[in-house]
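Engineer: return a 3D structure for these sequence lines:
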Amino acid sequence: MVANQGKITTMGGTTGLVDQTDKMHTGILKALEAYSKEDICIGHAGFTITGTGTYTQYNLAQPIHFTTKGQYKKHTSDISITYDTTVTDAKPTAGQTQHPNYTRYDLISITNADTPTLVITLGTLSGANGLVPDLPTGNIPIALIEVTAGTDPNKINYNFQLYTLDKQTNSLSIGYSSGGFYTEVSSITGTSDGLFISGIADHTSSLAGADKVLIQDADASNVMKTVTAQSIANLSTGDITSVVAGSALTGGGTTGDVTLNVGVDDSTIEINSDALRLKDSGITVGKMAANSVDSDQYVDGSVDNIHLATGIDAVKIADGTVTNEEFQRINTLTSNAQTQLNTKLQVGQFSMWIPAEAISPQSVNPCGSLTTTANANATQPDFRTLAFDAGTDEFAQFSIAMPKMWNEGAVLFTFYWTHVGSAGNDVIWTIAGTSVSNDEAIGGVIFGTAVNYQDTALDAKDLHIVSSDTTLTIAGSPAVGDVCFFQISRDANNGNDDFASDALLIGVKMKYTVDGLNDE
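Structural biologist: Here you go, the predicted model:
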């Protein structure tokens, strides 16, 4: 089986015809006849012969490019065809694709529809000689198959001749006769960037208003329209059809020069020498904020520097040398005030301490009650804790009405704890959270996924601090104004929790992110 696309060869050959040796079959002539009518397959992704388990199948892979009567078409789906139970002299048995004794030549073509189909045209026999059939009217030749003699209905190793040009580019040359020879003056070519036309002459000097220009329709890219040169020129010229004056403006017009008049009250602003300016008495104390600098202070320079922006003094006000940058500053600030405010009031993370006193044993599997553990003498701090058993999972809970400036995102926790046992081995703390909104049933929510904190026991009564980079996602889709409930436990049943004594919880610290500066 030979893929000889784009070549004229003997059946199954890979090189061109050899004079006085090879004989050209009529399939080539019939394909050339179709080409002369511009019924041509100019490219595809491959022609194959496969076995379907019943009959031989021919396959044409997409994209399939072809022309019918010169009109280009493209099909983007694979198409296939198999032999059926047709019986002819050249295919005498319904259940076979071959003639048992003679070679047959079958023509494979596609219809010229927008959605083409593959067609098998069975060859005929003249005695023992196979003949190439005629191409169905309007069809486009794809291949000629040499169906050798035999009784295998599912054979796939047939030789074939492809009738595909393998054409990948196209252009249109436009020329004229010059001295009896063709002379090209322009060409139309295409690339991935679009259509290109060469050799367009400049006729600006002889352009007439009635001359026409091709333009593309904005709503249909395949539609071209013509407009006159004069209509294009009119787009940039012509009379104004309407002028609408805004506040403090009057006048206008629809033709020629248009004049707009500025209204002035002649008390604060005046027109002098065709220019707008402030009148000498235009700014009064009444036009300034209460308790502000009065007109006397502007005149006598008694405004002191402490009431001015850094870098601005009374001398600069008098001589008009205050810069725009200095106007943006206030006293003691050395750069733009807003920049410094943003630096000092960073939007970021805040923390909140929740002591054991604010945490309650859970009602179902509670930890120990709040207990005070005394130190050696009155000059040392006592610590109040909740005890969590070493052998049973025990729980405690607390709730927080979160600040409005919280961004309703994930939070981080740090556990503070101690013990009165022996050092060594680990404790596993866990915490989970959920949120409840206004008019939502508290009993209808559940805690989200817990985060674990593993810490090794140090000496008795030492402060233990353990945190995690894993953020805690609070269940219930938190919103502004929600109350968040949290549940703490010691995961005593976890194989990694092997500390034999009670773990005493002192409290937890929650770190949360804010996206506002306050709770207003």
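Engineer: can you show me the helices along the stretch 151-300 of the chain?
Structural biologist: Using DSSP state H, counting those that start in this stretch, the helices assigned to the stretch 151-300 of the chain run over residues 229-234, 295-300.
Engineer: Thr151 reaches Gln98, doesn't it?
Structural biologist: Yes: counting by CB atoms under 8 Å, Thr151 touches Gln98, with 6.4 Å between them. All C-beta atoms are positioned from the backbone trio N, CA, C, and that covers glycine.
Engineer: so the two - more neighbours on which side?
Structural biologist: Gln98 (23 against 12; other CB atoms under 10 Å).
Engineer: surely the more buried one and Ile145 touch.
Structural biologist: No: the criterion here is CB under 8 Å, and Gln98 misses it with Ile145 at 11.0 Å.
Engineer: okay, now Ile431: neighbour count?
Structural biologist: 22.
Engineer: need the longest helix for this structure.
Structural biologist: Longest helix of the chain, by residue count under DSSP state H: helix 26-36.
Engineer: would you mind checking the average pLDDT for that helix?
Structural biologist: Helix 26-36 shows a mean pLDDT of 81.
Engineer: returning to what we had before: and the helices of the stretch 151-300 of the chain, which one is worst for confidence?
Structural biologist: helix 295-300 (a mean of 55).
Engineer: helix or strand next in line after it, which one?
Structural biologist: On the C-terminal side of helix 295-300, the nearest following helix or strand under DSSP states H and E is helix 314-319.
Engineer: so how far is that next one from its chain's centroid?
Structural biologist: Distance, stretch centre to chain centre, for helix 314-319: 56 Å (CA atoms, centre = their mean, to the nearest Å).
Engineer: what residues are up against Cys484?
Structural biologist: Ser399, Ile400, Ala401, Met402, Gly433, Thr434, Ser435, Val436, Ile474, Pro478 (CB atoms under 8 Å, 6 or more residues apart in numbering).
Engineer: repeat that for 7 Å
Structural biologist: Listed by CB atoms under 7 Å, 6 or more residues apart in numbering, the contact set of Cys484 reads Ser399, Ile400, Met402, Gly433, Ser435, Ile474, Pro478.
Engineer: so which residues make contact with the longest helix of the chain?
Structural biologist: Ile8, Tyr105, Leu107, Val132, Asp134, Leu135, Ile140, Pro141, Leu144, Gln161, Tyr163.
Engineer: which of the residues you listed sits closest to Asp519?
Structural biologist: Of all the contacts of helix 26-36, Asp519 sits closest to Ile140, with 76.2 Å by CB to CB.
Engineer: go ahead and confirm that closest one touches Leu107.
Structural biologist: No: using CB atoms under 7 Å, Ile140 is not in contact with Leu107, being 11.2 Å away.
Engineer: so how far is stretch 187-203 off the chain centroid?
Structural biologist: Centroid displacement of stretch 187-203 relative to its chain, using CA atoms, centre = their mean, is 34 Å.
Engineer: CA atoms only for it - export them in PDB, please.
Structural biologist: What follows is stretch 187-203, C-alpha atoms only, in PDB (Å, rounded to 0.1, in the frame of the first residue of the first chain):
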ATOM      1  CA  SER A 187      -1.300  40.000  -7.000                       C
ATOM      2  CA  ILE A 188      -3.700  39.000  -4.300                       C
ATOM      3  CA  THR A 189      -2.200  36.700  -1.600                       C
ATOM      4  CA  GLY A 190      -3.200  35.600   1.900                       C
ATOM      5  CA  THR A 191      -1.400  34.900   5.100                       C
ATOM      6  CA  SER A 192      -2.500  34.300   8.700                       C
ATOM      7  CA  ASP A 193      -2.600  38.100   9.000                       C
ATOM      8  CA  GLY A 194      -5.300  38.400   6.300                       C
ATOM      9  CA  LEU A 195      -5.600  39.500   2.700                       C
ATOM     10  CA  PHE A 196      -2.800  41.400   0.900                       C
ATOM     11  CA  ILE A 197      -3.000  43.200  -2.500                       C
ATOM     12  CA  SER A 198       0.200  44.400  -4.200                       C
ATOM     13  CA  GLY A 199       0.800  47.000  -6.800                       C
ATOM     14  CA  ILE A 200      -2.100  49.300  -6.000                       C
ATOM     15  CA  ALA A 201      -1.500  52.600  -7.900                       C
ATOM     16  CA  ASP A 202      -1.900  56.100  -6.200                       C
ATOM     17  CA  HIS A 203      -4.700  58.000  -8.000                       C
END
